[in-house]
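1. Provided below are the primary sequence and the corresponding predicted coordinates.
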Number of protein chains: 2
Amino acid sequence: MAQNKKMVEAITSRDEDFAKWYTDIVKKAELVDYSNVKGCMVIRPYGYAIWENIQADLDRRFKETGHENVYMPMFIPESLLQKEKDHVEGFAPECAWVTIGGSEKLTERLCVRPTSETLFCEHYAKIINTYRDLPKLYNQWCSVVRWEKTTRPFLRTSEFLWQEGHTMHETEEEAREETLRMLQVYADFYKETLAIPAVVGEKTEKERFAGAQATYTIEPMMHNGVALQGGTSHYFGDGFARAFDITYQGRDNQLHYPHQTSWGVSTRMIGALIMVHSDDDGLVLPPKIAPVQVAVIPIAMHKEGVLDKARELYNQLKQTFRTKLDDSDQSPGWKFAQYEMQGVPIRLELGPKDIEKNQCVLVRRDTREKLFVSLDGIEDAITDLLKKIHDDMYDRALENMHEKTHVATTYDEFIDLSKNNPGFIKAMWCGDSACEDKLKDATGGVKSRCIPFEEEHLADTCVCCGKPAKHMVYWGKQY
Amino acid sequence: MAQNKKMVEAITSRDEDFAKWYTDIVKKAELVDYSNVKGCMVIRPYGYAIWENIQADLDRRFKETGHENVYMPMFIPESLLQKEKDHVEGFAPECAWVTIGGSEKLTERLCVRPTSETLFCEHYAKIINTYRDLPKLYNQWCSVVRWEKTTRPFLRTSEFLWQEGHTMHETEEEAREETLRMLQVYADFYKETLAIPAVVGEKTEKERFAGAQATYTIEPMMHNGVALQGGTSHYFGDGFARAFDITYQGRDNQLHYPHQTSWGVSTRMIGALIMVHSDDDGLVLPPKIAPVQVAVIPIAMHKEGVLDKARELYNQLKQTFRTKLDDSDQSPGWKFAQYEMQGVPIRLELGPKDIEKNQCVLVRRDTREKLFVSLDGIEDAITDLLKKIHDDMYDRALENMHEKTHVATTYDEFIDLSKNNPGFIKAMWCGDSACEDKLKDATGGVKSRCIPFEEEHLADTCVCCGKPAKHMVYWGKQY
């Protein structure tokens, strides 16, 4: 128990120092290591296993909605990046540039992709000819680079892993449908797989992606009330198509520009997992993406029959669940702390007395509740418990989000809330970006998160300028 | 049929111009598109689907042998690359260098990884402390960059996708075992999944990987007799460990350097698939990695009941096989040519008469053999046929390799074979790299492929210098 306690004490308390608590977990759960390359991280086996589970789940959802994976070059020639004006303005300041290749100075420097709209467009220009070639529904899993001054593991790094979908459609209507379909795929994934609730809606013009006509977002709230942009889906109209001269012969035999979307989520989601669910003992992982779902820990291992029975149970359970048996010579207390730190949803304890009674002890990571369960039908009990853990994690996160969401109907209320109540502020807005700027400056960084799909009528006038309100907006600080 | 013929005629014949035949297939089967970035390729959906099947199969084999996936940064600071002398000499000439990040000139330029030994070593130095931390069995899936002057899709490109395993071990013996274990994993994969036979053995000192103490290789032969280095596995000794100051406290309480391996295969394997198996009608894919294993093609679609029955059959088969139903309004002839071009192992034709007889027609891509098969138990028939296709493809490739492998016991025989018989030459060698140089110069590029694990005693003396022979070597030109 001394050892156990020591490990637990080694983490900063979440309520004391959220930022330090976060980096403590990232390191102690062995998710990442810092590298000597500024702003880049090493994703360690346990962190990468979470990413693999995320990838597998999302990739299935993308394929079910008709998407195909491709791979584009990691370099973008400067002239290609410059083809779409808004786009290059948005990304040029954070590009990493290759200027030397194979000992020779390049005649044109190459940007390490910060995002791949331009590469997809160059390719689409070659392969799209008639309406029969549409839609094109492509996705890519890769790493991208955006040069950052200050970085934090998963949340903001100079290189990160992500997926980027890029699609082309015959009509605006179809492309807009796709934009919202993929946003919904993200929202479902957050809820069903990550157990994370979120506000979903449209970004204001000011917060749009460079070159987009509309940007939609999913905005989960972290435990401390700060927002994280969890995933975005963009409708581009035909702006890129015009810049890249992508045309197709329509059903009317005329040439038309296709309509485009893109959408992406990244390893940043692992940051969200930590900040939404975890606690002072370490990670708490939702069962669907936990690399280990059940950790089997034999108690009094030296007693006859314990280890045999534990191994038998492990071999049985691993057919159905991602199961780990820890028969190392560490103490049970050390093991308990270890799997708590790693966020394993269920710890299964099995000792001589349990074996006598044909039972085992299941301990939930999220609530620490202990359950004595018969070994007959143990798979069903674990299946049910994993589902319950998922649902309870979602409900607690939803409750936290509701608790930390407040309404402001006046400017003073807005300022007061931003100072004393971390979280989301719901308030009416006139549609003018000047008011967004003013509120951000007055509050030290509270920005519009999105105009939710389900708006409420909280007041008639803008919370900032008092002019007639056009929309209800969720506001908040962000990572 | 006219359309059918036209498509087929569009490919250059393999015997006429192997290089043009190769690029024709790569383009017509829609595996890749050329990009405007010199030496980089776009991997299109059909090509990427092959890569995904390759990845899934290999990844399973890696995990079954205890390996874990990680992700390292894509950039290597110049000082880090320089830590191991042989290594930097080998790779510096083909590096792409990032010199500007976020509008500012970097104080130290960054190499886009050509391989990641140095990054793994930097990380291992931090996380390896005692023998209890060993072995470390890490693998990474990523893209790497090696600046190439002349490039060909899949075979030699400035950027390519690969996996790189990097492991650390307590003893030399263990590390050497790992090196050979992973070579065997590759050999099994080539045989069991790609249906490709190969010569397996050790590279001569001259052909070793930069910094390695031993390099093992798998060398399949292409249909035209040219070799392709299909995958390599390296034993490094403790050279990198010393350079990076990686030490562990041993069972004897003393500090020791761990022993290291690395091993990798790349998208180049897709090039091997094409050049080993394919023919004048396009790709021929081994069933295990074919994105579509069975293409269902309804005949006389307009006749009552045909389309319904085809759909029913499709829905049934897709439970077990990667199946595609083509109910588009293209002619059957066009569809036949299309799926031949894409190398789909089995074409399933279903017309009104077949339905009457409760049968269908299965056509093998590899031999074009037609089989009339009852719809009862169709799954078993297809399973058996896919297995037979795989085995026959392997056997034909093996026969080709045997036919194009010759023995030379004298220098003149060697030169003569190299001119008139494309393929492998088996010949004895004294162990001196001067003889390798001489043979390469005299033959316009015939190099030692490897010293096979199973050597034969063909003569007492070196085929080049006449001094006593130390080894039998496989020689050949390579891609």
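-> In hand now; what should we look at? Residues are numbered from 1 along each chain as shown, chains lettered A, B, ... in the order given.
2. use CA for all of it now, contacts and neighbours both
-> Will do.
3. where does chain A have low pLDDT?
-> Counting by pLDDT under 70, chain A shows low-confidence ranges at A:1-9.
4. break it into its domains for me.
-> As given by automatic domain parsing, the domain ranges for chain A are A:13-277, A:294-388, A:405-476.
5. now the helices for the stretch 301-450 of chain A?
-> For the stretch 301-450 of chain A, the helices defined by DSSP state H, counting those that start in this stretch cover A:306-317, A:332-341, A:352-356, A:378-403, A:411-420, A:433-443.
6. nearest to A:Met182, of these?
-> helix A:378-403 (21.2 Å; Cα to Cα).
7. now do the buried residues in the closest one.
-> Using 16 or more other Cα atoms under 10 Å in any protein chain shown as the test for burial, helix A:378-403 gives A:378, A:382, A:385-386, A:389-394, A:396-398, A:400-401.
8. export the domains of chain A to CSV and tack on distance to B:Phe18?
-> Compiled in CSV, the domains of chain A are given as follows (distance: least, Cα to Cα, whole Å):
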stretch, distance to B:Phe18
domain A:13-277, 26
domain A:294-388, 48
domain A:405-476, 57
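9. could you export those domains as CSV, including distance to chain B?
-> Listed next are the domains of chain A as CSV, based on distance: least, Cα to the nearest Cα, whole Å:
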stretch, distance to chain B
domain A:13-277, 4
domain A:294-388, 11
domain A:405-476, 23
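10. any idea which of those domains gets closest to B:Lys206?
-> Per Cα to Cα, nearest to B:Lys206 of the domains of chain A: domain A:13-277, 22.2 Å.
11. quick one: that closest one to chain centroid distance?
-> Chain-centre distance of domain A:13-277: 11 Å, with Cα atoms, centre = their mean, to the nearest Å.
12. that one: end-to-end distance?
-> Terminal residues of domain A:13-277 are spaced 14 Å apart (Cα to Cα, to the nearest Å).
13. stretch A:236-249 now?
-> 20 Å.
14. in it, what counts as buried?
-> In stretch A:236-249, counting by 16+ other Cα under 10 Å, buried: A:Phe236, A:Gly237, A:Asp238, A:Gly239, A:Phe240, A:Ala241, A:Phe244, A:Asp245, A:Ile246, A:Thr247, A:Tyr248, A:Gln249.
15. so of these, which ones are in helices?
-> Mapping those onto helices (DSSP state H) picks out A:Gly239, A:Phe240, A:Ala241.
16. for A:Gly201, helix, strand, or coil?
-> strand (DSSP: H, G, I helix; E, B strand; the rest coil).
17. wait, it touches A:Pro220, no?
-> No: using Cα atoms under 8 Å, A:Gly201 is not in contact with A:Pro220, being 11.5 Å away.
18. look up phi and psi at A:Lys63.
-> Main-chain dihedrals, A:Lys63, degrees, to the nearest 10: phi -70, psi -40.
19. and if you look at A:Tyr71?
-> Phi and psi for A:Tyr71, reported as degrees, to the nearest 10, are phi -130, psi 120.
20. bridge partners for it, pull those for me.
-> Applying DSSP bridges to A:Tyr71 gives these bridge partners: B:Ile43.
21. hang on, it packs against B:Val42?
-> Yes: the criterion here is Cα under 8 Å, and A:Tyr71 meets it with B:Val42 at 5.8 Å.
22. so what's A:Val265 up against?
-> The contact partners of A:Val265, by Cα atoms under 8 Å, 6 or more residues apart in numbering or on different chains, come to A:Trp162, A:Gln163, A:Glu164, A:Gly230, A:Gly231, A:Thr232.
23. tell me which of the residues you listed is nearest to B:Ala195?
-> Closest to B:Ala195, out of all of the contacts of A:Val265 and judged by Cα to Cα, is A:Gln163, at 32.0 Å.
24. neighbours around that closest one, how many?
-> Other residues lying near A:Gln163 total 21 when counted by other Cα atoms under 10 Å in any protein chain shown.
25. now it, nearest residue through space, not along the chain?
-> Spatial nearest neighbour of A:Gln163, excluding adjacent residues (Cα to Cα, 6 or more residues apart in numbering or on different chains): A:Trp141 at 4.3 Å.
26. pretty sure the one you found sits in a helix.
-> No: per three-state DSSP, A:Trp141 lies outside any helix segment and is strand.
27. list the contacts for it?
-> By Cα under 8 Å, 6+ apart, A:Trp141 lies in contact with A:Asn69, A:Tyr71, A:Leu161, A:Trp162, A:Gln163, A:Glu164.
28. would JSON lines of those with secondary structure be doable?
-> Output for those, formatted as JSON lines (three-state DSSP):
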{"residue": "A:Asn69", "secondary structure": "strand"}
{"residue": "A:Tyr71", "secondary structure": "strand"}
{"residue": "A:Leu161", "secondary structure": "strand"}
{"residue": "A:Trp162", "secondary structure": "strand"}
{"residue": "A:Gln163", "secondary structure": "strand"}
{"residue": "A:Glu164", "secondary structure": "strand"}
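29. ok, the residue located most distally from the centre of chain A - contacts?
-> Taking Cα atoms, centre = their mean, the residue of chain A most remote from its mean C-alpha position is A:Glu304, at 46.4 Å. Contacts for A:Glu304 were tallied using Cα under 8 Å, 6+ apart; there are none.
30. tell me how far it lies from A:Gln359.
-> In this structure, A:Glu304 and A:Gln359 are 17 Å apart, going by Cα to Cα.
31. leaving out chain neighbours, which residue sits closest to the most centrally placed residue in chain A?
-> Nearest to the mean C-alpha position of chain A, by Cα atoms, centre = their mean, lies A:Met269 at 2.2 Å. Excluding the flanking residues, the one nearest A:Met269 by Cα to Cα, 6+ apart is A:Gly230, at 6.5 Å.
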